[in-house]
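Q: sharing a model prediction with you, sequence too.
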Amino acid sequence: MLDTFCRWARQAMAKLSAGMEVKLTLNTPSENSSARLDLDTPVYMGRITCWNSGDFHLQILDINSGRDLLDQHGKIECATSVDTSLKPFLHEFGID
């Protein structure tokens with residue numbers, strides 16, 4: 001599932017507008033390896049963590065208030081559901 005997530009993340013990165021900082025990180029290989037996509041703007045900080053098992057965590061924090069705008073856990077069941085599962089994250093950043 002990580003390869004699928006990384007492909008999706010690279011496509012999402014291509015849609016970003018100016019002023020957004022983004023970083024895709026692959027963590028040290030393990031039994032259930034993970035990767036994360038960090039996205040920062042002057043107003044929001046966000047992270048998607050996806051594990052090889054298909055489990056994921058979406059989180060977006062409002063920098064000014066410290067309030068979570070999105071905090072969602074889930075599981076990607078198949079490669080075709082990656083976009084549907086992770087779209088709420090991009091939507092909060094105004095990326096469709």
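A: Sure thing, it's come through.
Q: ok, now which ones touch the residue positioned nearest the centre of the chain?
A: With distances taken as Cα atoms, centre = their mean, I48 lies nearest the centre of the chain, 2.7 Å away. The contact partners of I48, taken as Cβ atoms under 8 Å, 6 or more residues apart in numbering, are A9, R36, L37, F56, H57, L58, Q59, L86, F89. No exception for glycine: its C-beta is placed from N, CA and C like everyone else's.
Q: I'd like to know which of these are buried.
A: Taking 16 or more other Cβ atoms under 10 Å as the criterion, what is buried in the contacts of I48 is A9, R36, L37, F56, L58, Q59, L86, F89.
Q: which two of the residues you listed have the greatest separation?
A: The two members of those with the most space between them (Cβ to Cβ) are A9 and Q59, at 15.1 Å.
Q: and the residue nearest to the centre of the chain, what element?
A: strand 44-51 (DSSP states H and E).
Q: I'd say R67 and L61 touch.
A: Yes: assessed by Cβ atoms under 8 Å, R67 is found in contact with L61 at 7.3 Å.
Q: what about those two, which has more around it?
A: Ranked by neighbour count (other Cβ atoms under 10 Å), R67 and L61 place L61 first, with 18 against 9.
Q: bridged to that one, which residues?
A: Taking DSSP bridges as the rule, L61 bridges to M45, D68.
Q: and if you look at W51?
A: With DSSP bridges as the rule, W51 is bridged to S34.
Q: do you know how far it is from E31?
A: Going from W51 to E31 by Cβ to Cβ, to the nearest Å gives 10 Å.
Q: same question, A18
A: 39 Å.
Q: same check, this time on D55
A: 13 Å.
Q: who has more neighbours out of these two?
A: The neighbour count for D55 versus E31, taken as other Cβ under 10 Å, is higher for D55 (15 against 6).
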